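Chemist: prediction below, plus the sequence it came from.
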Protein chains: 2
Amino acid sequence: MCAPLCQEAVTRHFNRRSFLASAAAVTAGACLPTPVRAAEPKTITFSKIVDLTHRLSPDFPTFTGQPQFSLADKNMGPRPKGYHAYTWTLAEHTGTHMDAPLHFGGKLSADQLPVTDLYGPLAVIDIRAKVQTDPDARLTPDDIRSWEKKHGPLPVGGIVAMFTGWEEHVASDMFRNADAKGVMHFPGFHEETPDFLMKERQIKGICVDTLSLDYGPTTDFPVHCRWLGSGHWGMECVARLGSLPPTGATLIAAGPMIAGSSGGPSRVLALL
Amino acid sequence: MCAPLCQEAVTRHFNRRSFLASAAAVTAGACLPTPVRAAEPKTITFSKIVDLTHRLSPDFPTFTGQPQFSLADKNMGPRPKGYHAYTWTLAEHTGTHMDAPLHFGGKLSADQLPVTDLYGPLAVIDIRAKVQTDPDARLTPDDIRSWEKKHGPLPVGGIVAMFTGWEEHVASDMFRNADAKGVMHFPGFHEETPDFLMKERQIKGICVDTLSLDYGPTTDFPVHCRWLGSGHWGMECVARLGSLPPTGATLIAAGPMIAGSSGGPSRVLALL
């Protein structure tokens, strides 16, 4: 059965994203493989965990450039000294966070993804060299083929992380890198890569160390539409990829178990 | 160095908790061991993950009895068909959630707990038999000693889960089980158990399948004060403990990486 995809791409001023998009429907009607859901039981061994999660604070950079998180003390009246409890208000796509399929045309909300979807062998694909000369660089199928020549084939049912080094900009405006027209410039997955990863490699999830699965200047979000629309998940603003080997880690994408959510702040852990 | 503890217990009407508390200071000045922070590197093996997280929806039961979570669509204007993104508003202590030390007198917020604190060998202590005859049953040091006679000593640096079977009531008012005076009745850890677990067993975290580390009728929260106040974490409303063996699982308490939070909705996973 064809997975549902974006039926209509971003066709006019789309105020959350704050840009004019002109592309027509990207993927309507396409038939793509559903995600690898039932992995063979496999023994996994680790001896340490690396936390790939950024600390989320109100000033953490956002795709829109507007604050998307606040923490408030809404307790009224007396309380014991030393007692603390806060209320969060947040837009889901903030901080190190999951994009569930529901975010862009897929059916499943974050809580509907089976836990078997949320972990697997991690391939870290380093495209820092490309990014140093072009902030709009994209991770292509050819980049993956080159990586495989050195490190072997991507594991079936695995997870792919795009390592661009962009994390070094997380504390400055360079993380969004918006030009005079408001167009952002940072790296992302190439629009041909989702089909390659799902059809030819059976990858279950993708991670980026930037604000978006798509690169900054996109107007039609083809990676979001294809990847999420076909039932896969993504994880954005992942930290510390530079501390991981190209292969050998197991990623756990501990997304939110929030009913109906299109994603949200997550804890992302690498078992080594 | 003494860890900071609750300097003043719940001494008068405490409106978040909605009850009159009469106890005096519980633990002021006590000197307790700090948590086991640096575990020896140890190889951990697993072949499946059991999700111990309840799905959080607006009608999930809360300690206060009032709704503590909402999900809203705050996007204005046109958007692509199939696009979804929501805003959450939630009180931190909702759903399957962490109590960080900061919640009750400790220093560390959830994001300040080192990742090495968040996983370890899990002991599941079944007190269902006690609970069937007394909803106010508490897990005592003697219960742990009895458990150890069957299953061996609690692991140093481990995590202890109190398994009461109370999860079966999660969809009804019985989960809070408030009497005519508003006093709740459900099981919890006994007030002597935190000291036993930290001083005599070097346990790093505790989990309950109820709404609170303390039992329902408490007025002074001695377990919260002692356990959190000494720098340890707890996890409340944990699911599916009945699907785990008494020993052999590794728990990962994937708490929120939210700056300054006193805890919050978490993903809790058991590796088997």
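Modeler: Yep, it's here.
Chemist: so what's the closest residue to residue A:91 other than its chain neighbours up against?
Modeler: Excluding the flanking residues, the one nearest residue A:91 by Cβ to Cβ, 6 or more residues apart in numbering or on different chains is residue A:68, at 4.0 Å. Every C-beta, even on glycine, is put in place using the N, C-alpha and C of the backbone. Residues in contact with residue A:68 (Cβ atoms under 8 Å, 6 or more residues apart in numbering or on different chains) are A:62, A:90, A:91, A:93, A:94.
Chemist: the third one bridge partners, please.
Modeler: Beta bridges link residue A:91 to residue B:87 when assigned by DSSP bridges.
Chemist: right, and it touches residue A:69 too?
Modeler: Yes: counting by Cβ atoms under 8 Å, residue A:91 does reach residue A:69; the two are 7.4 Å apart.
Chemist: what's the pLDDT at residue A:77?
Modeler: Predicted confidence (pLDDT) for residue A:77: 76.
Chemist: what's the answer for the one 5 residues further on, then?
Modeler: Model confidence at residue A:82, given as pLDDT, is 93.
Chemist: what of the one 5 residues further on?
Modeler: The per-residue pLDDT reported for residue A:87 equals 98.
Chemist: now stretch A:170-180: buried residues?
Modeler: Under the neighbour-count criterion of 16 or more other Cβ atoms under 10 Å in any protein chain shown, stretch A:170-180 has A:170, A:175, A:176, A:177 buried.
Chemist: please see if it touches chain B.
Modeler: No: contact of stretch A:170-180 with chain B (Cβ under 8 Å from any Cβ of the partner chain) is absent, the minimum separation being 13.5 Å.
Chemist: chain A: helices as residue ranges?
Modeler: A:128-133, A:141-151, A:193-195, A:222-223, A:229 (DSSP state H).
Chemist: can you say which of these is nearest to chain B?
Modeler: Between chain B and those, the shortest gap by Cβ to the nearest Cβ is with helix A:229, which sits at 7.0 Å.
Chemist: same question for the closest one, mean pLDDT?
Modeler: Average pLDDT, helix A:229: 98.
Chemist: check stretch A:137-149 too.
Modeler: 98.
Chemist: show residues contacting that stretch.
Modeler: Stretch A:137-149 has contacts (Cβ under 8 Å, 6+ apart) with A:123, A:125-127, A:130-131, A:154, A:160, A:162, A:164, A:187-193, A:196-197, A:201, A:215, A:246.
Chemist: verify the stated contact: residue A:55 with residue B:259.
Modeler: Yes: at 5.1 Å, residue A:55 counts as touching residue B:259 under the criterion of Cβ under 8 Å.
Chemist: any common contacting residues for the two?
Modeler: Common neighbours of residue A:55 and residue B:259 (Cβ under 8 Å, 6+ apart) are residue B:111.
Chemist: which of those two has more neighbours?
Modeler: Ranked by neighbour count (other Cβ atoms under 10 Å in any protein chain shown), residue A:55 and residue B:259 place residue B:259 first, with 19 against 16.
Chemist: pLDDT weak spots in chain A?
Modeler: Of all residues in chain A, those with pLDDT under 70 make up the ranges A:1-32, A:36-41.
Chemist: can you show me the strands along it?
Modeler: A:44-46, A:49-51, A:69-72, A:87-91, A:97-99, A:119-126, A:138-139, A:159-163, A:188-189, A:205-208, A:233-236, A:249-254, A:263-265, A:267-271 (DSSP state E).
Chemist: take those strands and lay them out in JSON lines including distance to residue A:181.
Modeler: Listed next are these as JSON lines, based on distance: least, Cβ to Cβ, whole Å:
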{"stretch": "strand A:44-46", "distance to residue A:181": "46"}
{"stretch": "strand A:49-51", "distance to residue A:181": "37"}
{"stretch": "strand A:69-72", "distance to residue A:181": "27"}
{"stretch": "strand A:87-91", "distance to residue A:181": "24"}
{"stretch": "strand A:97-99", "distance to residue A:181": "26"}
{"stretch": "strand A:119-126", "distance to residue A:181": "30"}
{"stretch": "strand A:138-139", "distance to residue A:181": "20"}
{"stretch": "strand A:159-163", "distance to residue A:181": "25"}
{"stretch": "strand A:188-189", "distance to residue A:181": "18"}
{"stretch": "strand A:205-208", "distance to residue A:181": "23"}
{"stretch": "strand A:233-236", "distance to residue A:181": "23"}
{"stretch": "strand A:249-254", "distance to residue A:181": "34"}
{"stretch": "strand A:263-265", "distance to residue A:181": "28"}
{"stretch": "strand A:267-271", "distance to residue A:181": "33"}
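Chemist: identify whichever of those strands lies nearest to residue B:44.
Modeler: strand A:44-46 (5.6 Å; Cβ to Cβ).
Chemist: quick one: contacts for the residue nearest to the spatial centre of chain A?
Modeler: For chain A, residue A:235 is the residue whose C-alpha lies nearest the centre (Cα atoms, centre = their mean; 2.4 Å). Neighbouring residues of residue A:235 by Cβ under 8 Å, 6+ apart: A:96, A:97, A:98, A:99, A:205, A:206, A:207, A:208, A:253, A:255, A:266, A:268.
Chemist: just checking, the first one touches residue A:52?
Modeler: Pointing back at residue A:96 there. Yes: between residue A:96 and residue A:52 there is a contact under Cβ under 8 Å: 7.1 Å.
Chemist: if we can go back for a sec, report the buried members of the contacts of residue A:68.
Modeler: A:62, A:90, A:91, A:93, A:94.
Chemist: could you measure from the closest residue to the second one other than its chain neighbours over to residue B:91?
Modeler: Read that as residue A:90. Nearest non-adjacent residue to residue A:90, counting by Cβ to Cβ, 6+ apart: residue A:69, 4.3 Å away. Applying Cβ to Cβ, to the nearest Å, the value for residue A:69 to residue B:91 is 15 Å.
Chemist: now residue A:252
Modeler: Applying Cβ to Cβ to residue A:252 and residue B:91 gives a distance of 26 Å.
Chemist: go on, residue A:106?
Modeler: Looking at residue A:106 against residue B:91, where the rule is Cβ to Cβ, the gap reads 30 Å.
Chemist: same check on residue A:186?
Modeler: 35 Å.
Chemist: picking up where we left off before, who's in contact with the residue nearest to residue A:90?
Modeler: By Cβ under 8 Å, 6+ apart, the neighbours of residue A:69 are A:56, A:57, A:58, A:60, A:88, A:89, A:90, A:91, A:94, A:95, B:258.
Chemist: columns distance to residue A:139 on top of these, output as CSV?
Modeler: Below are the contacts of residue A:69 laid out as CSV (distance: Cβ to Cβ, whole Å):
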residue, distance to residue A:139
A:56, 25
A:57, 28
A:58, 31
A:60, 24
A:88, 32
A:89, 34
A:90, 28
A:91, 26
A:94, 23
A:95, 22
B:258, 29
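Chemist: ok, and the most crowded of those residues?
Modeler: residue A:95 (27 neighbours).
Chemist: now do the contacts for it.
Modeler: Per Cβ under 8 Å, 6+ apart, neighbours of residue A:95: A:53, A:54, A:56, A:60, A:69, A:237, A:265, B:257.
Chemist: gap between the closest residue to chain B within the stretch 101-250 of chain A and residue B:116?
Modeler: Taking Cβ to the nearest Cβ, chain B has its nearest neighbour within the stretch 101-250 of chain A at residue A:105, 3.5 Å off. Distance of residue A:105 to residue B:116, computed by Cβ to Cβ: 39 Å.
Chemist: compare those two (neighbour count), which wins?
Modeler: residue A:105 (30 against 17).
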